[in-house]
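> below is the sequence, then the predicted model.
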Amino acid sequence: MGKPVILPLKTVRNPRDLGGYIGADGRKVLPNRLFRTGNISKISEEDAERLHSYGLKKIIDLRSHHEVEKCPDRKIEGVEHLQMPLSCEDNTKGGGDYKKNFERYREDQYAGFSMMCKRYYAHVTKPHAQKTIHDILEVLLNTKEGAVLYHCSEGKDRTGIVTMIILYILGVDLETIRQDYLFSNGMLDDYRARRDKYFKENGENLKFRANMRILGSVQDAFLDTALITIEEEYGGLDNYIEKQLKISSEMQEALRELYLEKK
């Protein structure tokens, strides 16, 4: 099945290399080509230099324009930065009117779970999201060498959906894709613990804190929302990729040639 490769970055959340997973025809995903992370707004000079040493060429920011304005990525010299939001909504603090959401979180411990399922549904059904994923895959097709790093805020939800599509096209089996997705939980344990301590010290109740843990985690149910939606509304991943994302079989094969070991 292969194990996730953790990048040794100290100032970036959830940093991983997709290299090493077994793809089509038993060929492994190449190392130092596809990186998934959380945002890089606080990346250190040392970590930036490390990414340079891996051959980083492009960074794709999946966050909304509002999120980027509030917390812009630190620019890394010599690396092309591309802003390609998967959603037009601010996905921080639960998205939308966060004050109203926060009140709901204090009253209903399942509010965050419901919101996350709706968000995953939107990430695979909204035309804007589908076009963004298409455009991301076009960027990958046009990157003949070096690494592409893509990220959202915590590197788990929007980044998780994009990773699912990329790995599926490369021929990685769905159970491995699921385990890669769920791996974010362990990577974000300390982050959730710090945030929970902060909310506790600020007097938030148990239901609110439960919702914050949900919002800071990934779950099978979230990924299944996306996969079941794709199956029921679009006839499965293969059909979805070709018809909705408009990624032809020729483009998919070209991606496999670029990002998998040679035959």
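It's in.
> and residue 257, what element?
Taking DSSP states H and E as the definition, residue 257 sits inside helix 249-259.
> mind listing what's buried in that helix?
Neighbour-count burial for helix 249-259, counted by 16 or more other Cβ atoms under 10 Å, picks out 251, 252, 255, 256, 258, 259. From N, CA and C alone the C-beta is placed, and that goes for glycine too.
> again, but for stretch 3-23
Within stretch 3-23, the residues scored as buried using 16+ other Cβ under 10 Å are 4-5, 7, 9, 12-19, 21-23.
> may I have that stretch as PDB, with CA atoms only?
Extracted in PDB, the C-alpha atoms of stretch 3-23 (Å, rounded to 0.1, in the frame of the first residue of the first chain):
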ATOM      1  CA  LYS A   3       3.400   4.800   3.500                       C
ATOM      2  CA  PRO A   4       3.000   8.600   3.600                       C
ATOM      3  CA  VAL A   5       6.300  10.400   3.200                       C
ATOM      4  CA  ILE A   6       6.600  13.300   5.700                       C
ATOM      5  CA  LEU A   7       8.600  16.300   4.600                       C
ATOM      6  CA  PRO A   8      11.000  17.500   7.300                       C
ATOM      7  CA  LEU A   9       9.600  21.000   7.500                       C
ATOM      8  CA  LYS A  10       9.300  22.600  10.900                       C
ATOM      9  CA  THR A  11       7.200  25.700  10.100                       C
ATOM     10  CA  VAL A  12       4.600  24.200   7.800                       C
ATOM     11  CA  ARG A  13       1.600  22.100   8.900                       C
ATOM     12  CA  ASN A  14       1.000  18.700   7.500                       C
ATOM     13  CA  PRO A  15       3.800  18.600   4.900                       C
ATOM     14  CA  ARG A  16       4.000  15.500   2.800                       C
ATOM     15  CA  ASP A  17       5.400  14.100  -0.500                       C
ATOM     16  CA  LEU A  18       3.100  11.900  -2.600                       C
ATOM     17  CA  GLY A  19       6.200  10.000  -3.900                       C
ATOM     18  CA  GLY A  20       6.400   6.300  -3.200                       C
ATOM     19  CA  TYR A  21       2.700   5.300  -3.600                       C
ATOM     20  CA  ILE A  22       2.100   2.400  -6.100                       C
ATOM     21  CA  GLY A  23       0.300   3.600  -9.100                       C
END
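> helix or strand with the lowest mean pLDDT in the protein?
Least confident helix or strand of the chain, by mean pLDDT, DSSP states H and E, is helix 98-107 with a mean of 91.
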